[in-house]
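Q: Fold the following for me, if possible:
(one chain, ligands or ions: 2)
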Amino acid sequence: MCASFRERLQNKPIGTFFELGSANVAEALGKTGLDFIIIDNEHGPFEAESTLDFVRAAQLGGLCALARVRETSRPAILKLLDIGVEGIIVPDVHSVAQVQTLIEYAKFAPLGKRGFCPTRKDCWGYAYPATEGVAQSMAIQNQQTLLIPQCETIGCLSEIEIIAALDGVDGIFIGPFDLSISMGIPGQFTHPDFQAALQRILDACHKNGKFCIYFTVNASEIAAGFAKGFDAMGYGLDAAILIQAYQTQLAQARAAMSTQS
Ligand code: 3PY
Ligand code: MG
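A: Ligands and ions are numbered 1, 2, ... in the order given. Predicted structure coming up:
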């Protein structure tokens, strides 16, 4: 068994958004030194059925498999949890009430009202003993399966202290693009108001013993993110980094070719 996301928080984990949608890519990313991937059911083109194959491949490659849900509906959340993702990242959160509903969907009683069925998450019922298995599975899932709302709207920001304090919220993922857009300063990540918002979210999380994940598309900003106090960093998207890698390698090859003639 590879280290869990919580265990990896001790060592500044770095992940990436998984958009390419192939089990081969998920497995190959396990060779890169990444800690986790976020299988993107919000902006990516795939659904729960193919996500299951990506989860398996990621786990085979030693990666934590988190998934971003497509929407905040009960089926969208339940399906991803039941196929065995380690945590769900929930976009477009606006209010405390919405997060309370998310907790109902994502956590078993007594925290929430998640529906129970033996599924891949507990090896279809074979992971735990038959009689006490249900209660044991529920307790383990509540502890190990992470509910991570995104803070990426003004609404969420304005209630972040209450949201971060909710029992059942494990951590917060900041979406800088949407948060800056919602604040009326799109893409202005160094703007003082944006920086103050980041600090506010970070403080709300840490005051309540919750982890806080930030996202950047620049590898050069990862160290600064950890220095600021973020517990994990999302870095870029697999497709974009593939493009960059080819561009860099080809530019070097063409530069070497130009010196030959
Ligand atoms: C955002 O920046 O809005 C995100 O959701 C990260 O992709
Ligand atoms: Mg977003």
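
Q: burial of Q144, as a residue count?
A: 14 (other Cβ atoms under 10 Å). All C-beta spots, glycine's among them, are computed from the backbone N, C-alpha and C.

Q: wait, L237
A: Applying other Cβ under 10 Å, we find 20 residues neighbouring L237.

Q: Disregarding residues adjacent in the polypeptide, which is nearest to it?
A: Nearest non-adjacent residue to L237, counting by Cβ to Cβ, 6 or more residues apart in numbering: F17, 4.4 Å away.

Q: which residues sit in contact with the one you found?
A: Applying Cβ atoms under 8 Å, 6 or more residues apart in numbering to F17 gives the contacts 37-38, 40, 43-44, 68, 234, 236-238.

Q: Work out for me the element it sits within.
A: Taking DSSP states H and E as the criterion, F17 maps to strand 14-18.

Q: Starting from that strand, tell me which strands it pairs with and how they run.
A: Partners of strand 14-18 in the sheet, by DSSP bridges, are strand 36-40 (parallel), strand 232-237 (parallel).

Q: Can you confirm whether stretch 192-199 lies near ligand 1?
A: No: Stretch 192-199 is not in contact with ligand 1 by Cβ under 6 Å from any ligand atom; minimum separation 11.6 Å.

Q: Enumerate the positions of that stretch that are buried.
A: By 16 or more other Cβ atoms under 10 Å, the buried positions in stretch 192-199 come out as 194, 197-198.

Q: I would like the residues contacting that stretch, please.
A: Applying Cβ under 8 Å, 6+ apart, the external contacts of stretch 192-199 come out as 157, 174, 176, 179-180, 183, 185, 188, 214, 228.

Q: ok, of the residues you listed, which one's closest to ligand 1?
A: For the contacts of stretch 192-199, the minimum distance to ligand 1 (Cβ to the nearest ligand atom) is 4.5 Å, reached by P176.

Q: related to what we said a few turns ago, what separates the strand holding F17 from the chain centre, distance-wise?
A: Offset of strand 14-18 from its chain centre (Cα atoms, centre = their mean, to the nearest Å): 8 Å.

Q: Please narrow the buried residues of stretch 192-199 to those residing in helices.
A: When the buried residues of stretch 192-199 are checked against helices (DSSP state H), the matches are 194, 197-198.

Q: Pull out the buried positions in the lengthiest helix in the chain.
A: Longest helix in the chain, counting residues (DSSP H): helix 238-258. By 16+ other Cβ under 10 Å, the buried positions in helix 238-258 come out as 238-239, 241.

Q: One more: stretch 178-193?
A: Of all the residues in stretch 178-193, those buried under the rule 16+ other Cβ under 10 Å are 178-180, 182-183, 189.

Q: Taking those residues, tell me the two that lie furthest apart.
A: Farthest-apart pair in those is S182 and F189; separation 13.5 Å (Cβ to Cβ).

Q: so how far is the helix or strand Y105 falls within off the chain centroid?
A: Per DSSP H and E: Y105 is located in helix 96-106. Centroid separation between helix 96-106 and its chain, computed with Cα atoms, centre = their mean, is 17 Å.

Q: Give me the contact list for it.
A: Residues from elsewhere that reach helix 96-106 (Cβ under 8 Å, 6+ apart): 72, 74, 77-78, 81, 88, 90, 93, 111-114, 145, 147, 149, 159, 162-163, 166-169.

Q: Please indicate which of the contacts of F17 are buried?
A: 37-38, 40, 44, 68, 234, 236-238.

Q: Output the set of residues of this structure in proximity to ligand 2.
A: Residues of the chain found near ligand 2 (Cβ under 5 Å from the ion) are 152, 175, 178.

Q: Please repeat the previous calculation with a cut-off of 8 Å.
A: For the chain, the contact set with ligand 2 under Cβ under 8 Å from the ion comprises 42-43, 91-92, 150, 152, 175, 177-179.
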